[in-house]
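**Q** A structural model of the following input is requested.
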Amino acid sequence: MEINHNIAPQMIRLRTQLVKKGRTRELLTETDHCTLRIHCYAPGMGENALHAHMNEDHIFVVLQGTAKFTGIKGEIAELTKNHALVLPKGCFYQFANCGEDSLVMIRFGAFADKKDWRIAPDGRVIPGRGGEEGYVEPVLIENAFFE
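**A** Numbering: from 1, shown residues only. Below is the predicted model of the structure:
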């Protein structure tokens, strides 16, 4: 194995503008085998279509607000600040912001290659996120940030 002494660490700032409608997803960094994003969801918003990632393990960490996660068999967990949920590849889930304020979460994804794909419980491949049922264009709260 060749050692590369020129690989540098990356500093990341956990900051995002809060939303009053819709949701935002911002890529903070990525490598060949992982991504780190910060997400913000308005009350009632989330990933409301039950799905599983077939080539990616991921972890959601709540930084602000409350997220209710459900799966094939019903409720998985209700997460609040500083709680995390590990979702191994193939685990079906959906979630929504069940609080009254913006929900801010970190999403860490790990994969063998970047060919992640999502499926519905019936095995249908789910297309890109922009065309999802229930998608609402984000409306930002002026001068309001999680940081």
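
**Q** Contact partners for the closest residue in space to Thr80 that isn't next to it in sequence?
**A** Of all residues not flanking Thr80 in the chain, Thr66 sits nearest, at 5.2 Å (CB to CB, 6 or more residues apart in numbering). All C-beta atoms are positioned from the backbone trio N, CA, C, and that covers glycine. With CB atoms under 8 Å, 6 or more residues apart in numbering as the criterion, the residues that contact Thr66 are 78-80, 97-99, 103.

**Q** Over to Lys115?
**A** Asn55 are the contacts of Lys115 under CB under 8 Å, 6+ apart.

**Q** any idea which element it lies in?
**A** Under the criterion DSSP states H and E, no helix or strand holds Lys115.

**Q** So which residues of this protein form strands?
**A** Taking DSSP state E, the strands of the chain run over residues 16-21, 23-30, 34-41, 46-53, 57-64, 67-71, 74-79, 84-87, 93-97, 103-110, 118-119, 125-126, 139-146.

**Q** need the contacts of Thr66 in CSV with neighbour count and distance to Asn4, can you?
**A** Below are the contacts of Thr66 laid out as CSV (neighbours: other CB atoms under 10 Å; distance: CB to CB, whole Å):
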residue, neighbour count, distance to Asn4
Glu78, 15, 43
Leu79, 21, 38
Thr80, 12, 41
Asn97, 24, 42
Cys98, 16, 45
Gly99, 18, 44
Leu103, 30, 39
